[in-house]
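> 3D model of this:
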Amino acid sequence: MGDEKMISAYIPMSETAYYILLSLLDRRHGYAIMQHVEEITKGRIRLGAGTLYGTLGKMEKGELITVVSEEEKRKIYEITPTGRAVLMAEIVRIRELYESSRGVELT
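This is a model prediction of the structure:
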């Protein structure tokens with residue numbers, strides 16, 4: 001699958017997927033991802049274990065993330081170059097949404 005086609009398969013992405021990829025710009029294990037997402041969303045998003053590990057499994061299968069090591073039975077994940085490309089494409093899309101709505105008055 002070509003890069004553009006691969007990227008478009010994941011865009012638009014869910015908030016869960018977005019924040020997981022954003023969290024994996026630094027290597028983290030599952031619980032650390034959950035904590036980071038809760039921190040950067042100021043508690044608005046609290047990932048459950050099932051949601052987190054289900055999404056991590058799909059992302060690993062899609063080669064957006066990879067397991068880099070295991071420490072004390074914890075898998076340490078990191079974003080892949082493909083995952084970075086998908087994340088950047090989503091950030092560009094979100095910026096475009098934001099920019100196109102600037103100046104709009106909601107009454």
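
> All the strands of the protein, residue numbers only.
Secondary structure of the chain by DSSP state E: the strands cover 28-29, 65-71, 74-79.

> quick one, what contacts the residue nearest the centre of the chain?
Centroid-nearest residue in the chain: residue 21, 2.5 Å away (criterion: CA atoms, centre = their mean). Listed by CB atoms under 8 Å, 6 or more residues apart in numbering, the contact set of residue 21 reads 13, 59, 64-65, 79, 83, 86-87, 90. Glycine gets a C-beta too; all of them are placed from N, C-alpha and C.

> Show me which pair in the residues you listed is furthest apart.
Spanning the widest gap among the contacts of residue 21 are 65 and 90, at 14.5 Å by CB to CB.

> What about the nearest residue to the residue nearest to the centre of the chain once chain neighbours are set aside, how many residues nearby?
Of all residues not flanking residue 21 in the chain, residue 87 sits nearest, at 4.5 Å (CB to CB, 6 or more residues apart in numbering). Residues within reach of residue 87, counting by other CB atoms under 10 Å, total 22.

> Could you identify the longest helix within this structure?
Identified as the longest helix of the chain according to DSSP state H is helix 81-101.

> picking up where we left off before, which one's more surrounded, residue 65 and residue 90?
residue 65 (22 against 19).

> The more buried one is in contact with residue 82, isn't it?
No - using CB atoms under 8 Å as the test, residue 65 is too far from residue 82 to be in contact (9.1 Å).

> So, low pLDDT: which residues of the chain?
Along the chain, the model assigns pLDDT under 70 to residues 1-3.

> Pipe the strands of the chain into CSV and attach distance to residue 48 per row.
Shown next, in CSV, are these (distance: least, CB to CB, whole Å):
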stretch, distance to residue 48
strand 28-29, 16
strand 65-71, 19
strand 74-79, 17
